[in-house]
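A.B. asks: fold the following for me, if possible:
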Amino acid sequence: MMSILTEVSVGEFLDKLCILEIKADRIKEPVKLDHVLQELSVLQQIWGRSPYAALDLLVEVQGLRHVNEQLWEIEDRIRGLESKGEFGSEFIYLARAVYITNDRRAAIKRRINTLAGSSLTEEKSYKDYEHNKFR
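C.D. replies: As a prediction, the model looks like this:
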C-alpha cells in the first residue's frame with residue numbers, strides 16, 4: 001500500500017490526530033477501527049519524533065479535541081434529522097452550528113500554528129456572519 005508524504009501546518013497535523021483519537025474511541029466496526037488505529041499509530045510516531053512535540057500545547061490540543069467532539073455530535077444529529085426528512089428549526093440550528101464550530105476549530109488551529117511558529121498556516125475566507133446573534 002502506498003501513501004503520500006506532505007507538509008502540513010502543526011495545527012492541521014494535531015487536528016488530524018485529535019480526529020483519529022475520537023474515531024478510535026467511537027468507531028466500533030472492526031475493519032474501520034483497524035484502519036483508524038493504523039493511521040493513528042503512524043501519525044503518533046511522526047509526532048513523537050517531531051521537535052514540536054516538546055512544546056506545551058496541551059490546552060490548545062484539549063480545545064481542539066473538544067471542538068472536534070462537538071462537530072461529531074452536531075454531524076450525527078443533523079444526519080439523523082436528514083434521514084427522517086426533518087428540516088425544521090433544529091436542522092437549521094445544527095447546520096449553522098457546523099460552520100460556527102468549524103470557525104472555532106480554525107481559530108484553535110491558527111493559535112497552535114502561531115505558538116509553534118509553524119511555517120504553514122491554513123487560511124479561511126468566508127463571508128462574515130458575526131452580526132447575527134446565534135452565539
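
A.B. asks: when you work out contacts or count neighbours from here on, use the C-alpha atoms and nothing else.
C.D. replies: Will do.

A.B. asks: any idea where the helices of the chain begin and end?
C.D. replies: 10-26, 30-49, 58-83, 89-116 (DSSP state H).

A.B. asks: packing partners for the third one?
C.D. replies: Of the remaining helices and strands, those touching helix 58-83 by 3 or more C-alpha pairs under 8 Å, 6 or more residues apart in numbering; DSSP states H and E are helix 10-26, helix 89-116.

A.B. asks: switch those helices over to a markdown table; also include distance to residue 36.
C.D. replies: Listed next are these as a markdown table, based on distance: least, C-alpha to C-alpha, whole Å:
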| stretch | distance to residue 36 |
| --- | --- |
| helix 10-26 | 6 |
| helix 89-116 | 21 |
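
A.B. asks: which one of the ones you listed lies nearest to residue 68?
C.D. replies: helix 10-26 (6.6 Å; C-alpha to C-alpha).

A.B. asks: out of the helices and strands packed on helix 58-83, nearest to residue 39?
C.D. replies: Nearest of those to residue 39, taken as C-alpha to C-alpha: helix 10-26 at 7.7 Å.

A.B. asks: buried ones in the closest one?
C.D. replies: The neighbour-count check on helix 10-26 (16 or more other C-alpha atoms under 10 Å) flags 10-12, 14-20, 22-24 as buried.

A.B. asks: identify the residues contacting it?
C.D. replies: Identification of contacts with helix 10-26 by C-alpha atoms under 8 Å, 6 or more residues apart in numbering yields 33, 36-37, 39-40, 43-44, 52, 61, 64-65, 68-69, 108-113, 116, 118, 120-122.

A.B. asks: show the buried residues in the residues you listed.
C.D. replies: So, by 16+ other C-alpha under 10 Å, the buried ones in the contacts of helix 10-26 are 33, 36-37, 40, 43, 61, 64-65, 68-69, 108-113, 116, 121.

A.B. asks: give the rounded mean pLDDT of stretch 42-55.
C.D. replies: Averaging pLDDT along stretch 42-55 yields 96.

A.B. asks: and the contacts of it?
C.D. replies: Contact with stretch 42-55 is made by 10, 17, 116, as judged by C-alpha under 8 Å, 6+ apart.
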